[in-house]
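A.B. asks: Based on what follows, work out the 3D shape:
(chains A and B)
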Protein chains: 2
Amino acid sequence: MSVKDRLIYLPLGGAGEIGMNCYIYGYGPEGEERLIVVDLGVTFPDMETTPGVDLIMPDVAWLEENADRIEAIFITHAHEDHVGALGHLWPRLRAPVYARPFTAAIARMKMEEAGQPIDVVRTVGPRPALTEAGPFRVAFVPVSHSIPESAALVIDTPAGRVVHSADFKLDGTPIVGEPFDPATWHVIAKEGNGIRALVCDSTNVFAPHPGRSEATLAQPIADLIAGQEGMVVATTFASNVARLKTLAEAGRTAGRSVCLLGRAMKRMLTAAVETGVLTDFPPILEPEEAAEVPRGNLMLIVTGSQGERRAASAQLARGKYLGLEMKAGDVFLFSSKTIPGNERGVIRVMNAFSEMGVDVVDDHGGLYHVSGHANRPDLEAVHELLRPKILIPMHGEHRHLREHVKLGLAKGIAAEIATNGTMLDLTGDEPAVVEYIEAGRTYLDGTRLLGAMDGVVRDRIRMALNGHVLVTILLDEDDTPLGEAWVDLKGLAETTRSGAALAEEIEAELTEFLDKAGPKVITNDDKIDEAVKRIVRQVTMEEIGKKPEVTVVVSRLAVE
Amino acid sequence: MSVKDRLIYLPLGGAGEIGMNCYIYGYGPEGEERLIVVDLGVTFPDMETTPGVDLIMPDVAWLEENADRIEAIFITHAHEDHVGALGHLWPRLRAPVYARPFTAAIARMKMEEAGQPIDVVRTVGPRPALTEAGPFRVAFVPVSHSIPESAALVIDTPAGRVVHSADFKLDGTPIVGEPFDPATWHVIAKEGNGIRALVCDSTNVFAPHPGRSEATLAQPIADLIAGQEGMVVATTFASNVARLKTLAEAGRTAGRSVCLLGRAMKRMLTAAVETGVLTDFPPILEPEEAAEVPRGNLMLIVTGSQGERRAASAQLARGKYLGLEMKAGDVFLFSSKTIPGNERGVIRVMNAFSEMGVDVVDDHGGLYHVSGHANRPDLEAVHELLRPKILIPMHGEHRHLREHVKLGLAKGIAAEIATNGTMLDLTGDEPAVVEYIEAGRTYLDGTRLLGAMDGVVRDRIRMALNGHVLVTILLDEDDTPLGEAWVDLKGLAETTRSGAALAEEIEAELTEFLDKAGPKVITNDDKIDEAVKRIVRQVTMEEIGKKPEVTVVVSRLAVE
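C.D. replies: Got it, this is the predicted structure:
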């Protein structure tokens, strides 16, 4: 280790939000550190802030500028917020991608969908296997989570050992995948000089009780299903393979045939079986077979736990789907929690089922769902177990990071909030902020990547809030208006309070303006544009109380 | 009671949703029933379904057609979802409005703001006072809720007694306003032939534990405040006058001066004091006075418990507001619950405070907020107390109404789900559906009332999701294109993947089309419109993967 080498940490996504995880580690001389990227995830758009957008990803402009310094990309697990951006962003980074088998299978799908090469995704085994990446030696250590094969990374550098926790919980009986193994972590913490820095999941830092195991759900779910006479339908996160197994086995035990609805769920299950993480899953019927089974002998497991409009649960809430239909006396189980912001969609589905006479069971009492993240006491247990010199909370909104820092400080661990774009030097006894990098968001919109600040989405929001008025003005060779101004309205009331046509009211005012406009204005497109916009907004505000977006097209017949 | 007279019930809002309450009762011969209206409330728009809309109200077209049959409008309490539409809809109904003093004060404000006469709002006292309205005799019976003076209506008709519960909880110590008085209700249930029908609040039918009293909050809130050293800021619903008092008194007890921020809160407090429902509220500082008080001696009570962007809490989350500012070491208390759908806004505020180093306390543990609605065991107690022949749940989504009907049926009460537009005949032993009325929504948009089906909001949503392309085409006297087609983009990426300008790509295709178009097309605006839209969508989909909204303006120079 040269005197001037340093170990840096830079989150580009996931620190100050829950979603689009992307964390950078670097080692070397300042400004020339060799880099590794941990996770390339997405977050999901909403109508309020990102209408029409398909996916939201971290802005990797800084990484792209330094692409020649990137040694490798590591994917900790196959959740969308950790792997979803891989196919879209990889062409700008072009480094080898490392992941465990199930995760790698999903990562290759992401690459393939985006038309990228799949052979850059390399499958690696768990610790003690090591991946060398420039000055880093990285081991995947199995942790339990709500998807198989989640892995913390033990990252050894010349400046010491960093543990990147990934998403994890302390589950000794996770049904599918490996348990969290304290003995292994005890060894990892004791080797060499111990752990320099723990970069740690903060999602559930406000949950006061110790987390519960996936295994505790089997009995309540089995009891619930055993008591049903109609069809049983359950939804959960498509990637929660352990839950799929618990649900399917409860169905089988109750003498029900099981059918899965939803592309994402089938993909996950297939990947889990093909990569060997899932064995002895109950046999599955195709929808057309399921339609022939008496309702009392059937169980559907479906996508759409967040009320997503296109998922199977919402389709069933609207009526027949793939020949299957909910009826009075059926039961629908949400074996899931509602992610904040998705409440309206979930409630919409619940009420649609209620109208059909279907009994909806949610996780109100905590019987039918457990979280995949470590709760507050679990985090404290991990702090104790690993005894890091430095704690950097990640995977949380600001309030989660802040609370997690408090936990660390209370234990005497040097802890620091580092939100997206904050570069920390982890070489010393305490983390030091050394630089702020521009860390924005990139939107996948159709097939294009847009910067969040490009103004495209801002214009959409404005049209949605204010409506859009289009004005066409024709001027002849002498700059004389040819006919009247023409006004089209979109997203605005067509008539005024008095019953007059709004477009005609605006046209009348614009015609008057054009008639009176002097040569200085009429020969200048910018001045016309400005004046027309002002008049349109004024008339529209007076007549219907709205201040619309305005587009003005001036066509001149003058030969140029 | 003539043989053919009947008693009808018709919800136009609030049944199948939580919001925009509006219930009709009628008595008389079929189709000629004299009518009373109970409540005229609003519900709030959201970006997902109603962008740009200011307020959502029930569609009162049916009532308007039958305006000559309306005897009176009764307002049960002053919450927006019960009185908010009064000023906007009253001109279409024009019947006298009855309410208790505090509610009447707010109702008059609503009338005044909408430019309507305020003297049609008549103040009435509680039972035993009676309001005669055609065949109805109506008494306001105080119930406890989260606003002063909520009142159930005891509606006597020749067909028997109906109790309209309004929003209520069983609170014997509500701090401000009257307690729920079982003895009174016992009398009401026993008089005459007892209660024919109970039309009852269903909001909290899924809450399994008995509701708690407003009075239980005083100690926990006082304890929380007593332990603080920085400024204390608390938010709650502006209309929860009892909570304002509890918060202010806790502040005073801790030696803090109290300042209120937010117009809605001050209005409510003023109305409560002026109508005598609130006495001995602690003295209040103006913001400019508060700015002079040491932080440790100051408490702010502010609007914006739902994270509303313009409310005081969000203003403080963005920085200085009226000379006051949050700092590290301050505490912010949400003495409220987050209404489903508002999570994102509330979380945004929480994280902004977290960034300032402010400790945010929410009602996670149930210490700092109680609901204003009766929980499941409370509803069962009311069923027991009133022993109605018929139970009609209201004030709930479909799932709440359905669950509430189950409760009633389990007790042997004839119960029926009646969602908005369902007219029930309550004359017989069991409620009978006799008609379905078109019951939609009316939007206040700027100063205009729009029908939800008018297409205006649909166009806004489409522009927000898909962007908007404007095409201007100029044709001369011979139907020959004059220059090229002109394309403007709004809410769309400007460049294609190859870096070309999207507008130019579209223009090129359109020019080619115009050059080739035969006389049949070029002389027909509809055919041009159709073809241009198709081409624009096709090119845009190919180039950037979006299918935009398109507006085509064809200008012809031909003399007509």
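A.B. asks: Could I get the buried residue list for stretch A:216-235?
C.D. replies: Neighbour-count burial for stretch A:216-235 flags A:217-218, A:220-222, A:224-225, A:228, A:230-235 (criterion: 16 or more other Cβ atoms under 10 Å in any protein chain shown). For every residue, glycine as well, the C-beta is placed using N, CA and C.
A.B. asks: Which one of those is nearest to B:T43?
C.D. replies: When the buried residues of stretch A:216-235 are compared for distance to B:T43 (Cβ to Cβ), A:T235 wins out at 27.6 Å.
A.B. asks: And the pLDDT for the closest one?
C.D. replies: pLDDT for A:T235: 98.
A.B. asks: got a list of what it touches?
C.D. replies: A:T235 makes contacts with A:301-305, A:312-313, A:332-336, as judged by Cβ atoms under 8 Å, 6 or more residues apart in numbering or on different chains.
A.B. asks: cutoff 6 Å now
C.D. replies: Counting by Cβ atoms under 6 Å, 6 or more residues apart in numbering or on different chains, A:T235 touches A:302, A:304-305, A:313, A:334.
A.B. asks: Phi and psi next, for it.
C.D. replies: Dihedral angles of A:T235 (phi, psi; degrees, to the nearest 10) stand at phi -120, psi 150.
A.B. asks: Once you drop chain neighbours, what's closest to it?
C.D. replies: Among residues not flanking A:T235 along the chain, A:S305 sits closest, at 4.4 Å (Cβ to Cβ, 6 or more residues apart in numbering or on different chains).
A.B. asks: ok so, going back, export the buried residues of stretch A:216-235 as JSON lines, with columns for secondary structure.
C.D. replies: Output for those, formatted as JSON lines (DSSP: H, G, I helix; E, B strand; the rest coil):
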{"residue": "A:L217", "secondary structure": "helix"}
{"residue": "A:A218", "secondary structure": "helix"}
{"residue": "A:P220", "secondary structure": "helix"}
{"residue": "A:I221", "secondary structure": "helix"}
{"residue": "A:A222", "secondary structure": "helix"}
{"residue": "A:L224", "secondary structure": "helix"}
{"residue": "A:I225", "secondary structure": "helix"}
{"residue": "A:Q228", "secondary structure": "coil"}
{"residue": "A:G230", "secondary structure": "coil"}
{"residue": "A:M231", "secondary structure": "coil"}
{"residue": "A:V232", "secondary structure": "strand"}
{"residue": "A:V233", "secondary structure": "strand"}
{"residue": "A:A234", "secondary structure": "strand"}
{"residue": "A:T235", "secondary structure": "strand"}
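A.B. asks: Mind picking the one among the residues you listed that's closest to A:T279?
C.D. replies: A:A218 (16.8 Å).
A.B. asks: What residue spans form the domains of chain A?
C.D. replies: Using automatic domain parsing, the domain parsing of chain A gives A:5-209+A:371-451, A:215-361, A:467-556.
A.B. asks: Those into CSV, with extra columns for distance to B:E549?
C.D. replies: Listed next are the domains of chain A as CSV, based on distance: least, Cβ to Cβ, whole Å:
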stretch, distance to B:E549
domain A:5-209+A:371-451, 11
domain A:215-361, 20
domain A:467-556, 7
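A.B. asks: Of the buried residues of stretch A:216-235, just say which sits nearest to B:V138.
C.D. replies: Of all the buried residues of stretch A:216-235, B:V138 sits closest to A:G230, with 43.8 Å by Cβ to Cβ.
A.B. asks: Provide a list of residues in contact with the closest one.
C.D. replies: Neighbouring residues of A:G230 by Cβ under 6 Å, 6+ apart: A:295, A:329-330.
A.B. asks: Just among those, which is most surrounded?
C.D. replies: With neighbours taken as other Cβ atoms under 10 Å in any protein chain shown, the top of the contacts of A:G230 is A:D330, carrying 24 neighbours.
A.B. asks: Quick one: neighbours of the closest residue to A:L261 other than its chain neighbours, just the number.
C.D. replies: Of all residues not flanking A:L261 in the chain, A:A312 sits nearest, at 3.9 Å (Cβ to Cβ, 6+ apart). Residue crowding around A:A312 was assessed by other Cβ under 10 Å; the count is 26.
A.B. asks: With A:I535 instead?
C.D. replies: Neighbour count of A:I535, defined by other Cβ under 10 Å: 18.
A.B. asks: List the buried residues for the helix or strand where it lies?
C.D. replies: Element membership for A:I535, per DSSP states H and E: helix A:525-544. In terms of neighbour count (16+ other Cβ under 10 Å), helix A:525-544 has its buried residues at A:528-529, A:531-533, A:535-537, A:539-540, A:543-544.
A.B. asks: go on, stretch A:20-29?
C.D. replies: Those would be A:20-28, for stretch A:20-29 by 16+ other Cβ under 10 Å.
A.B. asks: got it, and stretch A:511-522?
C.D. replies: A:513-514, A:517, A:521-522.
A.B. asks: got the residues of chain A near chain B?
C.D. replies: Contacts of chain A with chain B, taken as Cβ under 6 Å from any Cβ of the partner chain, map to A:47-48, A:51-52, A:340-341, A:343-344, A:350-351, A:354-355, A:397-399, A:402, A:446-448, A:450, A:456, A:459-460, A:463-465, A:470, A:472, A:474, A:488, A:490-491, A:493, A:544-546, A:551, A:553, A:555.
A.B. asks: Out of these, list just those in helices.
C.D. replies: Those of the residues of chain A next to chain B mapping onto helices are A:343-344, A:350-351, A:354-355, A:398-399, A:402, A:456, A:459-460, A:463-465, A:544, per DSSP state H.
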